[in-house]
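Peer 1: Got a predicted structure here, sequence first:
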Amino acid sequence: MSGKTASIDENSSAAELNQPQRYSPAEIEPKWQALWDADASLYAAEGHDSGKPKYYCLEMLPYPSGKLHMGHVRNYAIGDALARHMWMRGFNVLHPMGWDAFGLPAENAALKNGVPPREWTLSNIAAMRKQMQRMGYSYDWATEVTTCLPDYYRWNQWFFLKMFEKGLAYRKKSKVNWCPDCQTVLANEQVIGGRCWRHEDTVVEQRDLTQWFLRITKYADELLDGLEKLQGWPEKVRTMQRNWIGRSEGAHVDFAVVSSQGSDATPLKITVFTTRVDTIFGATSVQLAPEHAVSKAFALEDDALRVQIEELLEQQKKARETDALGAIEKHGVFTGRFAVNPFNGERVPIWVANYILADYGTGAIMSVPAHDERDFEFAQKYGLPVRRVIAPVVDTKSAAGSDANDLVLPYLAEKEAVLIDSGEWTGLGCVAAQEEMAAFAKAKGFGTPTVTYRLKDWGVSRQRYWGTPIPMVYCDKCSPGEPLPVAESELPILLPEQIDITQTNGSPLGRVPEFVNAKCPKCGGVARRETDTMDTFVDSSWYFYRYTDAKNSAAPFDSDKANYWFPIDQYIGGVEHAILHLIYSRFWTKVMRDLGLVKNDEPAERLFTQGMVIKDGAKMSKSKGNVVSPDLMIERYGADATRMYSLFAAPPDRDLEWQEEGVAGISRFLSKVYRLTMKFSSVARAKGVATGPKDQALLRRLHQTIAKITQDFDGRWHFNTSISSIMILVNEITANEAAMDAGEVSPAAVAEVFRGLILMLAPFAPFFAAEMWEQLGGEGVVFRTAWPVVDEELAREAEAEIPVQVNGKLVTVVKVPVGSDEATVKAAALADPKVIARIEGKMVVKVIVVPGKLVNLVVK
RNA sequence: GCCCGGAUGGUGAAAUCGGCAGACACAGCGGACUUAAAAUCCGCAGGGAGCAAUCCCAUGGGGGUUCAAGUCCCCCUCCGGGCACCA
């Protein structure tokens, strides 16, 4: 007891005696930050000749809103812990950061405050970079990428030209979201519940517009098949991408249109897409989308029909706008016309229906009510015939007739079914029939096997100002209607900076004559520049390659450098990017590979998606008023405690409930470590061999902790348990404090424990670790010091505590030497007085001994 | 409707391969130090019964497999996310 008060002895300096120092992040953190900010080499990646294995650790780049939020803090705390850990494990680490700096908020801010987008964006970047530095993230700022600067976006333009050359960029007319109030096109993300994000009361319309597209569908199969190889990606993300690509195998079949009068066949035909061509003998109608060319043709001939079709189209549009397509009530109208089923020559009625989508498949289907739920519902409503053409294998065997008719329709066969009433294909299995009938259609010239995708080509045109100008021009003289690519040497096509974007109608760039007027690359005459800009997802599709060679002015990057660093070893970000960004960037990588720029097929080997930061049960957001500012946390508890809490409160893949008391707890923990480290800092400088009588418990706990944390980094990343094991180590130190004061722990052991402790804290609390490392007299930079290595011998417990159960209920715990064999453990269990009392007078039926785990006695 | 997550004390969570449920924290309670408070340190703590030894109940609910289930199997409820007439 007296040891505690007398503990400040000859090891402590006078200064410590007079004014015991307390943990003060407000002093420690700025001190180290200043040193780190001034040293560009600190986090610089080395070249391929470093002699070390490379490790590319990447976090998703943020949009520079101007403020770091807790989601960022958590995302980057994970990446930073990993990067620092890998440095300590001897890797050559690339850990970059950049800015996804184009996009509408900048234009919005300009409208609201009159600040030019560029100025607004760059000042936001400066503010956020400062916050990141204050957080102590280990980014190599020499490789910083800012997508809104010409030295970056010129390569977007360069890629666009390459894609145009290869036929991967093309123009076509397509539907876009149009806000009649803004007089401009909106991206899908800006349509909320069918309404404009800026005008809550304005319903967004669909308009036809000529747009630029990138041919991502060319890679649809490769993007799909590649998912199998991405074992380091979360299954959830792979499933989402699989669904998004939506590959479906089927067939196109042509139905010739006949007039309602009968015999005079017209050249009109309807091509339907079906995945179940084997059910075609059950087709009792053909259904068209309201916008199908044939629907339109019929509408022209029949005013009454036209009105009805327009109504169907209205219903569909409305449903689409309110995101309720799935809930639309099925309506349809008979056109009075018929089509011929090419397989049996039968005439079936042609209908137009509101549930048929013009932009999937061919916009026309054959309706088989007996074997499709939707067709069945429609047929029931309009009294169309239902004709069964497939049956389960069992019920054909049990002979024809009644059992078969008991079957509930629609019958949706999987594989075990055969065709009935299907002409020459009757009796064939469904799977075989699908193949044979598609092949038959092809041979006869009225169809073909087809693969359809849900994935569509990527529309990249945006009628906005703050984005990459599309490097194309139009010359009425030498290529009317056909766009011409600008010469590579003309790049970058600069975004004009003095621009009035307060007007909202049309493309802002179209109102800048200096921009629009261009020289035709072919004839040298007057030409018009394309005034659309690129989707910002273009920027983020390849930014991580630019990090490997950020200053290159002759190419997007040097292939050797990219090939050294790629693929990304670990990509970390939010699951909200599971589809768009992560599929576009996979596509871009494949295009670059085919251009010979890189060798890898996929950008990232492993992907980690962290959970959201929650407060009071809801996602932090301005509208909910539950935002916790990182700045405030830093002010109160410091950056180290803030980051460490974000790793401690939950496993990184789970949602995290922000509780300020928890941050305070981490801060208290760091204070405790600070006090102990300062107190023993002189002792802990000792070198030599550990020989003290009380060394063992401490060293054992140290090595158990090393083993645990090393394992966490290599495996599950459950840093919450890593940090808790460090706390256990510190508790062990506290429990041994008196022994340490009394000199019962050798200085060498004290040194080993404290050095190990601080090294293990370095990935989680870098400022703190740097300060403590200095206090311990550690040499060099703490997070470049080798990660401690486990000594299995020291980590091992001398005795094992083996729980003993009787009939599965815990009775006692016996101590046996570690590694005891079954007989020893059993003997120890049976010798225990509590066990003896419990089994007295009963028969031991069975003894289960799991060495090192437990003993269970089954008694009667 | 379909596909993924998830549900464990007052709270965040732990239990990684079927083997002592609640580690580590937060909040709480009791104590020490202090004139006092803060800070710090020590201790208690799933629920219920009992003076106690001890017993009973407990991982969203119900069944099952097993010597043994938070963990595996079947059914159900609730919460979160994604997709949704994709032919």
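Peer 2: Cool, got the structure.
Peer 1: Count the neighbours of the spatially closest residue to A:V115 that is not a sequence neighbour for me.
Peer 2: In space, and not counting its chain neighbours, A:V115 is closest to A:A109: 5.9 Å by Cβ to Cβ, 6 or more residues apart in numbering. To be clear about C-beta, it is placed using only N, CA and C from the backbone, and glycine gets the same treatment. Using other Cβ atoms under 10 Å, A:A109 has 20 other residues around it.
Peer 1: A:A109 belongs to a helix?
Peer 2: Yes: judged by DSSP: H, G, I helix; E, B strand; the rest coil, A:A109 forms part of a helix.
Peer 1: Which helix or strand contains the residue in the stretch 551-700 of chain A that RNA strand B sits nearest to?
Peer 2: RNA strand B sits closest to A:G665 of the stretch 551-700 of chain A, with a gap of 2.6 Å, by Cβ to the nearest atom of the strand. Secondary structure from DSSP states H and E places A:G665 in helix A:660-680.
Peer 1: where does chain A have low pLDDT?
Peer 2: Along chain A, segments meeting pLDDT under 70 span A:1-20, A:182-184, A:186-201, A:259-266, A:320-327, A:394-409, A:413-416, A:502-506.
Peer 1: tell me the contacts of the residue of the stretch 551-700 of chain A closest to RNA strand B?
Peer 2: With contact taken as Cβ atoms under 8 Å, 6 or more residues apart in numbering, A:G665 is in contact with A:Y645.
Peer 1: try 6 Å this time
Peer 2: By Cβ atoms under 6 Å, 6 or more residues apart in numbering, the contact set of A:G665 is empty.
Peer 1: circling back to that earlier point, could you check the helix holding A:G665 and say which residues are buried?
Peer 2: Using 16 or more other Cβ atoms under 10 Å as the test for burial, helix A:660-680 gives A:662-663, A:665-667, A:669-670, A:672-674, A:676-680.
Peer 1: swap in stretch A:110-120?
Peer 2: A:A110, A:P116, A:P117, A:R118, A:W120.
Peer 1: next one: stretch A:353-370
Peer 2: A:353-356, A:358, A:360-370.
Peer 1: Intersect the residues you listed with the contacts of RNA strand B.
Peer 2: Among the buried residues of stretch A:353-370, the residues within reach of RNA strand B (Cβ under 7 Å from any atom of the strand) are A:N354, A:Y355, A:I356, A:Y360, A:G361, A:G363, A:I365.
Peer 1: CSV for the residues you listed, including secondary structure and distance to A:R511?
Peer 2: Shown next, in CSV, are those (DSSP: H, G, I helix; E, B strand; the rest coil; distance: Cβ to Cβ, whole Å):
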residue, secondary structure, distance to A:R511
A:N354, coil, 40
A:Y355, coil, 42
A:I356, coil, 41
A:Y360, coil, 37
A:G361, coil, 41
A:G363, coil, 37
A:I365, strand, 45
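Peer 1: Now for these: which two are most distant?
Peer 2: A:N354 and A:G361 (16.2 Å; Cβ to Cβ).
Peer 1: Name the SS class of A:V789, please.
Peer 2: coil.
Peer 1: Now the residue nearest to it when sequence neighbours are not counted: which helix or strand?
Peer 2: Among residues not flanking A:V789 along the chain, A:I706 sits closest, at 7.2 Å (Cβ to Cβ, 6+ apart). A:I706 is part of helix A:695-714 when elements are defined by DSSP H and E.
Peer 1: Any part of the helix or strand that comes right after that helix near RNA strand B?
Peer 2: Moving toward the C-terminus from helix A:695-714, the next helix or strand (DSSP H and E) is helix A:719-735. Yes: using Cβ under 7 Å from any atom of the strand as the criterion, contacts between helix A:719-735 and RNA strand B involve A:N720, A:T721, A:I723, A:S724, A:M727, A:I728, A:V730, A:N731, A:T734, A:A735.
Peer 1: Give me the neighbour count for the nearest residue to the fourth one once chain neighbours are set aside.
Peer 2: Across the structure, with Cβ to Cβ, 6+ apart as the measure, the residue nearest A:S724 apart from its sequence neighbours is A:F648 (7.4 Å). Neighbour count of A:F648, defined by other Cβ under 10 Å: 23.
Peer 1: how close does A:F648 get to A:Y637?
Peer 2: 13 Å (Cβ to Cβ, to the nearest Å).
Peer 1: Please apply the same query to A:L300.
Peer 2: 72 Å.
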